[in-house]
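[1] Give me coordinates for this.
(one chain, ligands or ions: 1)
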Amino acid sequence: MPSESASPSSLEFVRIEFQSDLYRQAIALRHAVLRQPLGLAFSSTQIAAEHDQLHFGMLGGNALLACVSVMLVSPQKAKIRQMAVDATLQGRGIGSDLVSRVELELKTMGVQCIELHAREVARRFYERLGYAVTGEPFTEVTLPHIKMTKTIVTC
Ligand SMILES: CC(C)(COP(=O)(O)OP(=O)(O)OC[C@H]1O[C@@H](n2cnc3c(N)ncnc32)[C@H](O)[C@@H]1OP(=O)(O)O)[C@@H](O)C(=O)NCCC(=O)NCCS
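    Reported below is the predicted structural model:
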């Protein structure tokens, strides 16, 4: 059960191993925040495709309150996907903190550029974090999306 007093500083940033208990919590959180409201569900094929991706989250006690996955497109480029914050805790800075910590993690791995497909409703959230729109709007999971990118290491 998420704590009403949860704030970024009270949470623990964690790496989540594929198919671990925390990963199963992440799937449940992603389903509740990103899929169920659209009447959609994750297929076993979609989950299996995540075995070589990176997964991160914010823990409050034993509860996973936010999560995100990262696909390494190349050694220098990563794609952030499946960003979700518990519906009762959105708008408190938890998502911003999670993205910032993931960016630091990716920098240490040599990643220089991050791309993502943002839901139009989340565009402002990513713009505040330094992401810029780089393409035309398109539809994904029935919703309007835009491609956004950010250079985290400049040469
Ligand atoms: C988008 C989301 C990841 C942002 O995380 P967060 O912890 O709520 O955001 P923060 O508190 O760090 O930042 C606040 C900003 O996020 C955005 N935001 C807040 N709640 C949001 C929501 N329910 N949906 C979309 N954006 C939201 C707003 O731009 C907000 O700034 P504002 O209040 O000045 O308008 C989170 O709200 C969420 O999971 N939303 C639903 C699922 C979603 O849209 N995921 C992104 C898919 S690309």
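
[2] buried residues in the longest helix anywhere in the chain?
    Using DSSP state H, we find that the single longest helix of the chain is helix 94-108. Buried residues in helix 94-108, counted by 16 or more other Cβ atoms under 10 Å: I94, G95, D97, L98, V99, R101, V102, E103, E105, L106. (C-beta placed from N, C-alpha, C; glycine too.)

[3] Now do whatever residue of the chain ends up closest to the ligand against S5, distance only.
    Closest residue of the chain to the ligand, Cβ to the nearest ligand atom: G95 (2.1 Å). Distance, G95 to S5, by Cβ to Cβ, to the nearest Å: 17 Å.

[4] Kindly report the same for E12.
    In terms of Cβ to Cβ, E12 sits 15 Å off from S5.

[5] and if you look at R101?
    20 Å.

[6] Which helix or strand contains the nearest residue to V133 once chain neighbours are set aside?
    Spatial nearest neighbour of V133, excluding adjacent residues (Cβ to Cβ, 6 or more residues apart in numbering): I146 at 5.1 Å. Assigned by DSSP states H and E, I146 belongs to strand 143-151.
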